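*Asks:* curious how this folds, go ahead:
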Amino acid sequence: MRTTHITKPHEVERKWFIVDATGQNLGRLSTQIAHILRGKHKPTFSPSVDTGDYVIVINADKVKVTGRKLDQKTYVRHSGYIGRRKETNLRDMLNKKPEFVLSHAVKGMLPKCNLGRKMFAKFHVYAGPEHNHQAQKPEVLALNTTL
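*Replies:* Residues are numbered from 1 along each chain as shown. Next up is the predicted model:
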């Protein structure tokens, strides 16, 4: 009888990838990054084990969106006090905190549990072209933009 192989956490081999977000669509880029963080690109994928790789994104401020999302998409936060709801559109958020836009999109595509938080901890976003992970020797990852 054949049994399904379940990957153990100590059997996982992790790689470091670097992605340049210049000119890439926000949604397509974030789905492909979430795919790699979950480990779905590996034949040893197991839904209950973190089999994903590390991802570094540079030039997050140069990501693009289509349509009128720059003015219509809003990010909402609330302080907990009455009347303290704040809204910010995508254009202002890209000017203030471009890292937040991509990390917010990717975080929403990961599982909402302890496993998802472990996966998200392997994700690093930088607004400019410099990053501080040269010691890990990341491989350049050319993502498919025609999904």
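
*Asks:* pick out the residue nearest the middle of the protein.
*Replies:* Closest to where the C-alpha atoms of the chain average out (C-alpha atoms, centre = their mean) is Val106, at 3.7 Å.

*Asks:* so that residue sits right up against Ile33, yeah?
*Replies:* Yes - between Val106 and Ile33 there is a contact under C-beta atoms under 8 Å: 5.3 Å. (Each C-beta comes from the backbone N, C-alpha and C, glycine too.)

*Asks:* give me the common contacts of these two.
*Replies:* Listed as contacting both Val106 and Ile33 by C-beta atoms under 8 Å, 6 or more residues apart in numbering are Phe123.

*Asks:* for the lengthiest helix in the chain, packing partners?
*Replies:* The residue-count maximum for a helix in the chain (DSSP state H) belongs to helix 26-38. Helices and strands touching helix 26-38, by 3 or more C-beta pairs under 8 Å, 6 or more residues apart in numbering; DSSP states H and E, are strand 16-20, strand 54-58, helix 98-107, helix 114-120.
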